[in-house]
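K.L.:
Mind looking at a prediction? Sequence and model below.
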Amino acid sequence: MTTVRIAAAAAHFGRDLEFDLARIAKLIEDARKAGAGLLVLPDAALGGYLADLRQPDPEALPPALKPDDPLILQVAGLAAEMVVCVGYCEDGGDERYNAAVCVTGDGVLGRHRKVHLPAGEVAAYAPGDRFDAFDTPVGRVGMLIDYDKTFPESARSVALDGAEILACLSAWPTSITNRAPRMAQDRQAKLFDLYDQTRAAENQVVLASSNQTGTMGGMRFLGQAKVVGPGGDILARTWSKAGLAVAEIDVATEIDRARRVLRHLDERRPSAYRGGAG
């Protein structure tokens, strides 16, 4: 199966897990009605994100869920025939992780722990240590969690592992240090779009980017969910509002078209790169 409708969600989630699950159920139903085979929900859709990135309150962190928590199993049940990626805070025993899981009604297809942590997150989470792609009914998928996509190596790693679709789950706020009067002028809003388009184009893959909306503590989230083609073109987007960006794409055909002359992954010269970049 290569032709698929991909949906990326822009929505608000907080600490109320019952509310979050109800919103996830509604988004899955909306995506199903739109004919989507893949739905990418935001980072921290189960339990919400941090309320403060500068000095997170250790008493007000998102609820930590075990990898097999009943809530995750409920999301899998809601997904049924669809592929759904969702973010949550993972209880890793001695550590907490900003994590994502990809499910269908048959169970878990793949997992990811956020590798790159911005300054404030290190007080709340431990970093993950790997990037892996995995097979799904809609193609081979790799997941990144917000700040991961700032680093070209993240997307390149899963692309080299055969990912055809990058699922980028975010809780990406407006600039904390330099607030703009309008979101369209915000530095982080521009970077969010830039990273999405660049990561798709440089790896010649399809990218589905979800994000939170609304506010949490002192942070205001961007929205700007989108689906990007392997040439870096935005196929569908929500702008700053909540909703679903839905695009139908023949993944294999469009990737082949993008790579017809220039094949970025095959034409790399790793021996010339510093820092172990592949």
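P.N.:
Good, I have the coordinates.

K.L.:
Where do the strands of the stretch 51-200 of the chain begin and end?
P.N.:
Assigned by DSSP state E, counting those that start in this stretch, the stretch 51-200 of the chain shows strands spanning 64-65, 83-91, 96-104, 107-113, 133-136, 139-145, 165-169.

K.L.:
SS state for residue 10?
P.N.:
Following DSSP: H, G, I helix; E, B strand; the rest coil, residue 10 is assigned to strand.

K.L.:
So it sits against residue 227, correct?
P.N.:
No. Using CB atoms under 8 Å, residue 10 is not in contact with residue 227; the gap is 12.0 Å. For the C-beta atoms, the positions are set from N, CA and C on the backbone; glycine is no exception.

K.L.:
Quick check: neighbours shared by the two?
P.N.:
Residues touching both residue 10 and residue 227 by CB atoms under 8 Å, 6 or more residues apart in numbering: residue 245.

K.L.:
if we can go back for a sec, most packed of the strands of the stretch 51-200 of the chain?
P.N.:
Ranked by mean neighbour count, the strands of the stretch 51-200 of the chain are led by strand 165-169 with a mean of 30 (mean count of other CB atoms under 10 Å).

K.L.:
Pairing partners for it, with directions?
P.N.:
Strand pairing for strand 165-169, using DSSP bridges, gives strand 139-145 (parallel), strand 206-209 (parallel).

K.L.:
how about a markdown table for the strands of the stretch 51-200 of the chain, with mean pLDDT and distance to residue 75 added?
P.N.:
Below are those laid out as a markdown table (pLDDT from 0 to 100; distance: least, CB to CB, whole Å):
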| stretch | mean pLDDT | distance to residue 75 |
| --- | --- | --- |
| strand 64-65 | 98 | 11 |
| strand 83-91 | 98 | 6 |
| strand 96-104 | 98 | 6 |
| strand 107-113 | 98 | 10 |
| strand 133-136 | 98 | 15 |
| strand 139-145 | 98 | 15 |
| strand 165-169 | 98 | 13 |
